[in-house]
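Novice: sequence first, then the predicted structure, then my questions.
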Amino acid sequence: MKNNSLHADTKLDWLVMFAVFMFPVTFLTVRHGVHVSLFALLLIATYQFWRAGVKNIQLDYPQDLLILFVFSGLFLSVFVSQIFRGAIHPAAFDGPSRILFAGIVFIFLKQLNIPYIKILSIAIPLGLICVFFSLQMNPGAYWGERFAIYFVDPNTLGSQAFILGLISVLMIGWTWDRSKTLMVFQAIGCAAGLYISIGSGSRGAWLTAPFILLLVFSFRLHDIVFAPAHQKKKMWQQLLMFMIAVFILLASSFYYSSSLSARIVSGYFEVLNWFSGYDLEGSAGIRLSMWKFGLQFANESLLFGYGEEKNMLQVLQNSPLNIPVNELAIGTMAYTGPHSDILSKLLTSGIFGLLAYFCLLAVPFTIFWRHRNVINLDVKMASRIGLYYITGVFIAGLSNEQLSLKYLCTFYGLMIATLLAQVLHKPSGFEQSKPSRVAN
């Protein structure tokens, strides 16, 4: 008798685990590597859905449909804006389509009883270590003295490495009964991520630290409040040790790393000089100028935006905003983009693109927030890691685009799809009753 269920057989499990393992490892080291993982998972999902039949695909209404809609939001916003502008440009769908595919992958991953968070706890630090060695072997890709990969600029490299570096060490958690080897490995991954970020000089990435650490602090306070009385003292000691370690790390990094301290100090004066009008051409000042000009220019086509940069520049020629004071901001945006996810979505797809972007962040954030303190440790860890990652992407995205390029969209989509699959998985009839095979 033919089996039409989406059961998790052994070969399927291993294929999925390998694809999930490889996307963080290849993210910043192998060009198109993260896309291979996405399309491999998409191909497996398509085959499994076809084999099982549509009626056997488990969907939790309306939750899963909402998530699918959110994952398709950027794609739909680009489509709607292009329809109303009367011009279709297929290249604009590249990044949004990757996130849409990740939504389909989420539905598939959620069916399987696989400990994705434990896979990521190994793959993320390994990926950062691979990036470190890649940088040492290919110094020709550097931008001057700033670290870069041949297909990744310093700002993107630094922001993602910093966020993933923090996540790597935060995956260690607060319990000391885990594998000591894994804990050391995750700490090395964190050190590699922070080293890469400092070498890249990505100041926008460093702004994510206080927000992520604030989340960590609030979660730990909650854990202490609801912990058994005999554990509270030890947990308070651990929290105090963590705070002291963070302070020492930040202070020593600022004191001993001339590149880090120079970038921070210069950034402070660039912002101060821009507001005083003394210097508008510093790196931070140019970003602020792009924000000022970008919001004004977006208001002229608020609903549907301008589409690709070429079309935006054609419209700009006859705009009253095309004046000398905006020349530097316009030139920088034309050459390197608006350096902001918010401005990017607003200018390309209008208010619909901006709403789609916020939903892509806010809906998964809300789901993770609701599960941040559940009893199941894997689900709790996946929820908290999801919150850290979304917070990092949003803060870093204020000064450097995180969800515009294809490989960034693919990685974000896979990260969120995998973590959501861990959080929202529910045991069902087609699931084999077998222990997890990935050790913590």
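Specialist: Perfect, thanks for sending it.

Novice: and the gap between N273 and S266?
Specialist: Distance of N273 to S266, given as CB to CB, to the nearest Å: 10 Å. For glycine as for every other residue, the C-beta is placed from the backbone atoms N, C-alpha and C.

Novice: what sits in contact with each of the two?
Specialist: G282 (CB atoms under 8 Å, 6 or more residues apart in numbering).

Novice: can you list the residues that contact stretch 197-206?
Specialist: 135, 146-148, 154-163, 165, 253, 257, 259-260, 263-264, 267, 284, 392, 395-396, 398-400.

Novice: ok, of these, which come out buried?
Specialist: Buried subset of the contacts of stretch 197-206 (neighbour count, 16 or more other CB atoms under 10 Å): 135, 146-148, 154-163, 165, 253, 260, 263, 267, 284, 392, 395-396, 398-400.

Novice: just the ones of those residues in helices?
Specialist: With DSSP state H as the criterion, helices contain 135, 154-163, 165, 253, 260, 263, 267, 284, 392, 395-396 from among the buried ones among the contacts of stretch 197-206.

Novice: can you check the pLDDT for N4?
Specialist: On pLDDT, N4 comes in at 40.

Novice: buried ones in the helix ranked longest in the chain?
Specialist: Looking across the chain with DSSP H, the single longest helix is helix 341-370. Neighbour-count burial for helix 341-370, counted by 16+ other CB under 10 Å, picks out 341-354, 356-357, 359-361, 363-365, 367-369.

Novice: for it, give the mean pLDDT please.
Specialist: 96.

Novice: low-confidence stretches in the stretch 51-200 of the chain?
Specialist: 54-56, 173-178 (pLDDT under 70).

Novice: now do the SS call for L280.
Specialist: The three-state label given to L280 by DSSP: H, G, I helix; E, B strand; the rest coil is coil.

Novice: and it, what does it touch?
Specialist: Residues in contact with L280 (CB under 8 Å, 6+ apart) are 273-274, 286, 289, 328.

Novice: now rank those by neighbours and give me the top one.
Specialist: S289 (22 neighbours; other CB atoms under 10 Å).

Novice: mind listing what that one touches?
Specialist: 274, 280, 326, 328-329.

Novice: and whichever helix or strand it is part of, how far out from the chain's middle?
Specialist: With elements taken from DSSP states H and E, the one containing S289 is helix 283-298. Put simply, helix 283-298 sits 24 Å off its chain's centre (CA atoms, centre = their mean, to the nearest Å).

Novice: angle of that helix against helix 341-370?
Specialist: Interaxial angle, helix 283-298 versus helix 341-370 (axes from the mean of the first three to the mean of the last three CA atoms, to 10 degrees): 100 degrees.

Novice: average pLDDT across the next helix-or-strand element following helix 283-298?
Specialist: Downstream of helix 283-298, the next assigned helix or strand under DSSP H and E is helix 309-316. Helix 309-316 shows a mean pLDDT of 72 in the predicted model.

Novice: which outside residues touch helix 309-316?
Specialist: Helix 309-316 is touched from outside by 85, 87, 297, 300-301, 306, 322, 330, 333-334, 337, 347-348, with contacts defined as CB under 8 Å, 6+ apart.
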